[in-house]
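A.B. asks: This is the structure alone, sequence omitted:
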Ligand code: HSE
């Protein structure tokens, strides 16, 4: 047992698959974080487009999950009529967790939430990819100026520490190229199609399992992967790309016949994101590609993702792990929070 306990009061925006996954982790393991790390993590406020609740001492995560599942959050003590902006402006909270649905074109309303929270002196952990794909340099600067943390591990490869590997563990290296499978939904669909499932059923299963975006067009047309390619370029290679700068082709043109033809030739279709240095500029692209089965990325199945980071000092470093899903992405929020605790706790 540790003697000094730090309390983290979290305000959550969004309670979809990721927000619920994070709440599930807290409901099951809250005491582990207190005992092992001295971090008492509490959700004090949560807001969606349909409801809001604020309880300064903390809302029990299991109670919130049950109430959200039964549409009865309005009956909880602390239920209120705040919008997300009002919650950020008024709640007594230390950390904003931004987990509202991603808009890869405008980054809103998440970017505004993040700017408001930083201005109030709150740390920010975002699972929302839009703000990091579109406004990373600005948000990082605002956070630095205000002396708060901006956590974004959830935005690429869910809880698999791919971004932290690149920007922290590989610091000192020059990252020359990054390529990999960064969208769980499309990799899940392609894998299922190899086993004979049709495209529509595979997509429906990916939605049921919580991998797909609220609008799965973003996954299958490659927008999600393009956003992640922009994030990788900006975070790991100090570029200023937006998703619109990424060459993009999704998987909607891949038929079962094409999948079968690749298999007959000892190959597999994968949606590959690539970010590379081209002289002084950084470029990025997302395309479906046929890979020989021996290729390191060819064996990555289902919603699993993989990233190969090519560096000058260490050569290639590859990380493989979950790329989507509520608990897997909720874990990324936890890992950012514990990183904050290590520095500030
Ligand atoms: N829709 C995304 C995917 C979720 O399938 O990878 C994780 O960012």
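C.D. replies: On my side now, so go ahead. Remember, predicted model here, so these are calculated numbers, not experimental data. Numbering: from 1, shown residues only.
A.B. asks: Those residues of the stretch 51-200 of the chain touching the ligand, which are they?
C.D. replies: The stretch 51-200 of the chain comes close to the ligand at residues 158, 183-185, as judged by Cβ under 6 Å from any ligand atom. For every residue, glycine as well, the C-beta is placed using N, CA and C.
A.B. asks: Swap in 8 Å and give it another go.
C.D. replies: Within the stretch 51-200 of the chain, the residues that sit near the ligand (Cβ under 8 Å from any ligand atom) are 102, 129, 154-158, 182-188.
A.B. asks: how about those in TSV, adding distance to residue 301?
C.D. replies: Output for those, formatted as TSV (distance: Cβ to Cβ, whole Å):
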residue	distance to residue 301
102	25
129	23
154	22
155	23
156	19
157	15
158	16
182	15
183	14
184	11
185	13
186	12
187	7
188	8
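A.B. asks: want to try JSON lines for the residues you listed, with neighbour count, secondary structure and pLDDT as columns?
C.D. replies: Formatted as JSON lines, these follow (neighbours: other Cβ atoms under 10 Å; DSSP: H, G, I helix; E, B strand; the rest coil; pLDDT from 0 to 100):
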{"residue": "102", "neighbour count": "26", "secondary structure": "coil", "pLDDT": "94"}
{"residue": "129", "neighbour count": "26", "secondary structure": "helix", "pLDDT": "98"}
{"residue": "154", "neighbour count": "30", "secondary structure": "helix", "pLDDT": "98"}
{"residue": "155", "neighbour count": "26", "secondary structure": "helix", "pLDDT": "98"}
{"residue": "156", "neighbour count": "30", "secondary structure": "coil", "pLDDT": "98"}
{"residue": "157", "neighbour count": "31", "secondary structure": "coil", "pLDDT": "98"}
{"residue": "158", "neighbour count": "27", "secondary structure": "coil", "pLDDT": "97"}
{"residue": "182", "neighbour count": "28", "secondary structure": "coil", "pLDDT": "98"}
{"residue": "183", "neighbour count": "31", "secondary structure": "coil", "pLDDT": "97"}
{"residue": "184", "neighbour count": "27", "secondary structure": "helix", "pLDDT": "96"}
{"residue": "185", "neighbour count": "27", "secondary structure": "helix", "pLDDT": "97"}
{"residue": "186", "neighbour count": "33", "secondary structure": "helix", "pLDDT": "97"}
{"residue": "187", "neighbour count": "29", "secondary structure": "helix", "pLDDT": "97"}
{"residue": "188", "neighbour count": "24", "secondary structure": "helix", "pLDDT": "97"}
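A.B. asks: you'd agree residue 188 is up against residue 302?
C.D. replies: Yes. Residue 188 lies in contact with residue 302 (Cβ atoms under 8 Å); the separation is 5.2 Å.
A.B. asks: on contacts alone, who are the packing partners of the longest helix belonging to the chain?
C.D. replies: When the chain is parsed with DSSP state H, its longest helix is helix 17-37. With contacts taken as 3 or more Cβ pairs under 8 Å, 6 or more residues apart in numbering; DSSP states H and E, helix 17-37 sits against strand 6-13, strand 39-47, helix 61-69, helix 326-344.
A.B. asks: pLDDT below threshold where in this structure?
C.D. replies: In the predicted model, the chain carries pLDDT under 70 at residues 1-3.
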